[in-house]
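Novice: Based on what follows, work out the 3D shape:
(one chain, ligands or ions: 1)
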Amino acid sequence: MLELSRITAGYERRAPVVRDVSLTVAAGEAVGLLGPSGCGKSTLARVAALLHRPYSGTVVIDGSPAHGWRHRAPREQRTAFGVVFQQPRLSADPRMRLADLIAEPLRATGRREEAGGRVDELARRVGLSAELLRRRPHEVSDGQLQRACLARALVLRPRWLICDEMTAMLDASTTAALVAVVEEYREETGAGLLTVGHDRTLLNRWCDRTVRWEDLAGAAATPAAD
Ligand SMILES: Nc1ncnc2c1ncn2[C@@H]1O[C@H](COP(=O)(O)OP(=O)(O)OP(=O)(O)O)[C@@H](O)[C@H]1O
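Specialist: Purely as a prediction, here's the structure:
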């Protein structure tokens, strides 16, 4: 179970963008979080993935309270999450070939020797050829790079997936392919999913349950104008 309780978070303590929000995802459950642009969904998703420290509130991961965020989170908790962001170019080192990008979490956790087999397996799953794996981010399309970012998110076999508008900039067929990869992984492993977006149809089709931002207690931040 992933339990977010009474989270207040943001970028300025006196004007938090997430106010007193609680959300629970059961083990193996897929929850969609639906809300307008700028309301704070990504901020909450980053808190859930231990990437952004909230001002107050608690995150409990499979019964263990989170004590630290980012590099201060214990490795066991940090690696429980696979995270995919909206814009793959912002989360991919431009110098790395796609194969190295996918393997990066293995190297960072001292499991470099697993990289070969695991990268090949994940590349097959997400639909990246051996030739594409040798290219760098500027030599591939956004959709191809997002496929690599999804593979990277799965490489440590996380118990939880956090997808922050993973498909927002992709066409319908790439969206369908990436959602299918996530669902296949979840069927095999029983991983839970929190996916954030503003496409109600996609979230309703994809998830067990869709939560509207405005229904989360205290989520009263005014959405920023686009
Ligand atoms: N690093 C940051 N520094 C300062 N303000 C930020 C930062 N990141 C986001 N914000 C602000 O916090 C608010 C919530 O942003 P957030 O990205 O969480 O919203 P969102 O609901 O995910 O939006 P979108 O659907 O457009 O991605 C916005 O007003 C945004 O401008």
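Novice: How confident was the prediction at residue 138?
Specialist: Residue 138 is assigned a pLDDT of 96 by the prediction.
Novice: contacting residues for it?
Specialist: residue 94 (C-beta atoms under 8 Å, 6 or more residues apart in numbering). For glycine as for every other residue, the C-beta is placed from the backbone atoms N, C-alpha and C.
Novice: gap between it and the ligand?
Specialist: Taking C-beta to the nearest ligand atom, to the nearest Å as the measure, residue 138 falls 24 Å from the ligand.
Novice: near the ligand, which residues of this structure show up?
Specialist: 11, 17, 35, 37-43, 165, 198, 224 (C-beta under 6 Å from any ligand atom).
Novice: mind redoing it with 5 Å?
Specialist: By C-beta under 5 Å from any ligand atom, the part of the chain that sits against the ligand consists of 11, 17, 37, 38, 39, 40, 41, 42, 43, 224.
Novice: Save the residues you listed as a markdown table, and put in secondary structure too.
Specialist: Output for these, formatted as a markdown table (DSSP: H, G, I helix; E, B strand; the rest coil):
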| residue | secondary structure |
| --- | --- |
| 11 | coil |
| 17 | coil |
| 37 | coil |
| 38 | coil |
| 39 | coil |
| 40 | coil |
| 41 | helix |
| 42 | helix |
| 43 | helix |
| 224 | coil |
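Novice: Just give me the longest helix of the protein.
Specialist: Using DSSP state H to define each element, the chain has its longest helix at helix 172-189.
Novice: So which bits of it are buried?
Specialist: 174, 175, 177, 178, 179, 181, 182, 185, 186 (16 or more other C-beta atoms under 10 Å).
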